[in-house]
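# please work out how this folds:
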Amino acid sequence: MRLKLPPKVVRIIQVLQAHGYEAFAVGGCVRDMILGREPDDWDITTSARPRQVKELFARTVDTGLAHGTVTVLLGEDSYEVTTYRIDGRYEDHRHPAQVEFSARLAEDLRRRDFTINAMAYNREQGLVDLFGGMGDLQKKRVCCVGDARERFREDALRILRAVRFSAQLGFSIEAHTQEALGELAGDLAYVSAERIQVELVKLLVSAHPGSILQVFEAGIAGVILPEMDESVLGPGDLEDIAASLGRVPPEKTLRLALLLHPLGEQKSGKLLRRLRFDNHTVDTVRRLVRWYGHPLGGTPAEVRRAAACVGGELFPKVLQIQGTYRDVSQTRAVWEGILERKECISLKTMRITGDDLIRLGMEPGRAVGDLLRELFQDVLEEPGHNKKEYLLECAKRRAAQ
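From the prediction side, this is the model:
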């Protein structure tokens, strides 16, 4: 099998080989090349020790010398180069307490999570597949390297990764692997919230987000999403959620909102903060959940008022969310007309400001804001009133009153 490696990856491998070391592209990049997918990153494994790698390249970063990893910098690109290794005892269900460097590629591949991620490639030796990864790619299945229970006991995050790879690739999970992940799902309690967050998002924005059902069926949700229990989920709710996820674009906040909407705004926010999501994501998802079932109206005035409450930047997402369970075509058509006519839907786009009111003689303070909001309601009802002269006249009359 002939695979096309990027020139810089070839260069790193050739430099290592020229100095008497073995070197291969390894892991997910090999899997993706075989599947015709563009790899997100390129990892290289080698028989050279970290200090030897550093001596061969002008610019490197000590990413994790104790675990054998050096990042090689070529131009603006970076590549992780890791020494063949044997992992020692895992004491925290996530990381080996120590590693032992090896001179044998087989030892390095044996420690990896799934067969489809345990293949290596270089131009001279071609594909090295010692654990049936190619066969599992052809069968479209996710299967652990060696004993599944042992792999999951070593690193509990692999339990969630198995479901994530299944979702990303559209693969099934091999029977023994499926049985083991269900049996050991509780070990995910040892994994950091940040790592859970990353895998959950990758699953949700994958090509098969309906695989979230496997998270619940295997008992994984009871550990990573305990808030979503029988108290908030009724019969058929999970199936409806799984189906709706594929009806919106693969965007993080849209799919999180669809997943979490049964919790309501406050509980959704608490769950996201527990999983260490950033403030912008938490705020956006909370607002989408708030408007999940809120009527948006169908007349121009109703849609302008709804958009003013939601926010113009978020309103299209609310339409996408609501479009998963009802016909929003009329509301969308009205919204597109509002945008085309550039009608005012926020205080920022009104033709009058607080400074204008103060120049009329109003005292700075609450009264100014109250009058602006009153004028804004007028403009939402009648967009043609968003003219400075008209608004100043209205302001003079109402200020006088």
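
# can you map out the strands along the chain?
With strands called from DSSP state E, the chain shows them at 23-26, 43-46, 60-64, 69-74, 77-83, 85-87, 99-101, 119-122, 126-129, 141-142, 172-173.

# the fifth one packs against which elements?
Using 3 or more C-beta pairs under 8 Å, 6 or more residues apart in numbering; DSSP states H and E as the contact test, the elements touching strand 77-83 are helix 7-18, strand 43-46, helix 50-56, strand 69-74. Every C-beta, even on glycine, is put in place using the N, C-alpha and C of the backbone.

# likewise the last one?
Counting contacts by 3+ C-beta pairs under 8 Å, 6+ apart, the secondary-structure elements packed against strand 172-173 are strand 141-142, helix 157-169.

# mind putting the ones you listed into TSV with mean neighbour count, distance to P209 and mean pLDDT?
Putting those into TSV (neighbours: other C-beta atoms under 10 Å; distance: least, C-beta to C-beta, whole Å; pLDDT from 0 to 100) gives the following:
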stretch	mean neighbour count	distance to P209	mean pLDDT
strand 141-142	23	16	98
helix 157-169	24	7	96
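
# can you lay out the ones you listed as JSON lines showing distance to D77?
Shown next, in JSON lines, are the helices and strands packed on strand 172-173 (distance: least, C-beta to C-beta, whole Å):
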{"stretch": "strand 141-142", "distance to D77": "29"}
{"stretch": "helix 157-169", "distance to D77": "24"}
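
# relative to R247, which of these is closest?
Taking C-beta to C-beta, helix 157-169 is the member of those nearest to R247, at 15.9 Å.

# how about residues contacting the closest one?
Defining contact as C-beta atoms under 8 Å, 6 or more residues apart in numbering, one finds that helix 157-169 is touched by 35, 94, 113-114, 116, 140, 142, 144, 151-152, 171-173, 177, 181, 184-185, 187-188, 191, 195-196, 199-200, 202-203, 206-209, 211-212, 214-215, 218, 220, 224.

# are any of the residues you listed buried, and which?
94, 113-114, 116, 142, 144, 151-152, 171, 173, 177, 181, 184-185, 187-188, 191, 195-196, 199-200, 202-203, 206, 208-209, 211-212, 214-215, 218, 220, 224 (16 or more other C-beta atoms under 10 Å).

# just the ones in helices from those, please.
Those of the buried ones among the contacts of helix 157-169 mapping onto helices are 151-152, 177, 181, 195-196, 199-200, 202-203, 212, 214-215, 224, per DSSP state H.

# of those, closest to W335?
I212 (29.4 Å).

# who wins for proximity to V289 among the helices and strands packed on strand 77-83?
Ranked by C-beta to C-beta, the member of those that lies closest to V289 is strand 43-46, at 37.7 Å.

# sheet partners, orientation included, of the closest one?
Next to strand 43-46 in the sheet, as set by DSSP bridges, lie strand 23-26 (antiparallel), strand 77-83 (parallel).

# buried ones in the shortest one, by neighbour count?
Spelled out, it's strand 23-26. Buried, per 16+ other C-beta under 10 Å, within strand 23-26: A23, F24, A25, V26.

# again, but for the longest one
Residues of strand 77-83 classed as buried: S78, Y79, E80, V81, T82, T83 (neighbour count, 16+ other C-beta under 10 Å).

# quick one: pLDDT of the closest residue to the second one other than its chain neighbours?
Spatial nearest neighbour of Y79, chain neighbours left out: V72 (5.0 Å); criterion: C-beta to C-beta, 6 or more residues apart in numbering. Reading off the confidence values, V72 has pLDDT 97.

# OK, contacts around V72?
I12, I44, V53, F57, R59, T60, S78, Y79, E80, V81.

# is the closest residue to the fifth one other than its chain neighbours in a bridge, and if so with what?
Counting by C-beta to C-beta, 6+ apart, the nearest residue to R59 once its immediate chain neighbours are dropped is L73, at 4.0 Å. Residues found in beta-bridge contact with L73 (criterion: DSSP bridges) are S78.

# burial count for L73?
L73: 13 surrounding residues under other C-beta atoms under 10 Å.

# can I assume it is in contact with K54?
No. L73 is beyond contact range of K54, at 11.5 Å (criterion: C-beta atoms under 8 Å).

# so what sits against both of these two?
What both L73 and K54 touch, as defined by C-beta under 8 Å, 6+ apart, is the set T60.

# ok so, going back, output the contacts of V72 as CSV; include the columns pLDDT.
Shown next, in CSV, are those (pLDDT from 0 to 100):
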residue, pLDDT
I12, 98
I44, 97
V53, 97
F57, 97
R59, 96
T60, 96
S78, 96
Y79, 97
E80, 96
V81, 97
